[in-house]
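Novice: Provided below for reference: sequence and predicted model.
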Amino acid sequence: MSKFRIIPVLDILNSEVVHAKKGERTKYKPLKSKILDSSNPIIAVKTLADKFHFDEIYIADLDSIVKRKPNLELISLILKMVNIKVILDPGITNYEDIMLFSNFNLFKLIIGIETVENYDVIKDGVKKFGQNEIVLSIDMFQGKLKSKLDIFNPLELISLLEHLGVKEIILLDLFRVGQKIGGIPPLYLKIREIFSGDILVGGGIKDFNDILNYKKNNFSGVLIGTAFYDGSIKIEEIKQII
């Protein structure tokens, strides 16, 4: 098991950082934060890297995921910031998407269950990028998979991941996003029991005690957004771990 990671999230829509909540993407508004002075993604990334000293960041390109219009120029500019590693979810659907983003200097590429067309795309992604650079996002809504695949039970999907070559996953329940619900869903604990690879969790983080609870239960890390940007989680607390 690798060291526990705390990774800030930037959701980008209309080329701005937005406040994501409950997966209701048509209602997302530009982020207003106590710690970020701008919803400009370049400024936000620079602040997270230079002021708060995060060394990796999760970016969801919602323009690509929802509209199929990726922010290629913007992502390219962010990737030129050499002091931060980017984990990107650009809404991969097919092999052509895999090839497009193989030209970017990403730390890790996310393949989301919500958008991927079939299992072959996952295997192709692992083959092209390698097991350590592909992350599979288990996209859910209230514990049910959001997927075009033929599996609807998250536990059944998890059991297939070893055969697909996946070594790292994100558990992302869109209903929990932006709500600071707190606690660890029982489903996540079941997944932790059967998946031997790294597991990151996004959505629902309420406070620093939540983070400590995930660490105690042998998860690999958390994605933080709302609770960090509104001041519920303090950078001084995060530094205790990172």
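Specialist: Perfect, I can see it now. Numbers count the residues shown, from 1 in each chain.

Novice: Helix or strand: which one has the residue nearest the centre of the chain?
Specialist: Closest residue to the average C-alpha location of the chain: Tyr58 at 5.2 Å, with C-alpha atoms, centre = their mean. Tyr58 belongs to strand 56-61 when assigned by DSSP states H and E.

Novice: Now the element after that strand, going C-ward?
Specialist: Past strand 56-61, heading to the C-terminal end, the next element that is a helix or strand (DSSP H and E) is helix 62-67.

Novice: Tell me the buried residues in that next one?
Specialist: Leu62, Asp63, Ser64, Ile65 (16 or more other C-beta atoms under 10 Å). Every C-beta, even on glycine, is put in place using the N, C-alpha and C of the backbone.

Novice: Tell me if I'm right that the residue nearest to the centre of the chain and Asp89 touch.
Specialist: Yes: look at Tyr58 against Asp89 with C-beta atoms under 8 Å: they come within range, at 7.5 Å.

Novice: can you map out the strands along the protein?
Specialist: Under the criterion DSSP state E, strands of the chain are mapped to 5-13, 16-19, 29-30, 56-61, 85-89, 108-112, 134-141, 144-145, 168-173, 198-202, 221-224.

Novice: Can you give the strand pairings for the last one, parallel or anti for each?
Specialist: To tie it back to what came earlier, the one meant is strand 221-224. strand 5-13 (parallel), strand 198-202 (parallel) (DSSP bridges).

Novice: Any idea how far the last one is from the middle of the chain?
Specialist: Offset of strand 198-202 from its chain centre (C-alpha atoms, centre = their mean, to the nearest Å): 8 Å.

Novice: which other helices and strands contact the worst-scoring helix or strand of the chain on mean pLDDT?
Specialist: Ranked by mean pLDDT, DSSP states H and E, the weakest helix or strand in the chain is helix 154-164, scoring a mean of 92. The helices and strands touching helix 154-164, judged by 3 or more C-beta pairs under 8 Å, 6 or more residues apart in numbering; DSSP states H and E, are helix 119-129, strand 134-141, strand 144-145, helix 186-194.
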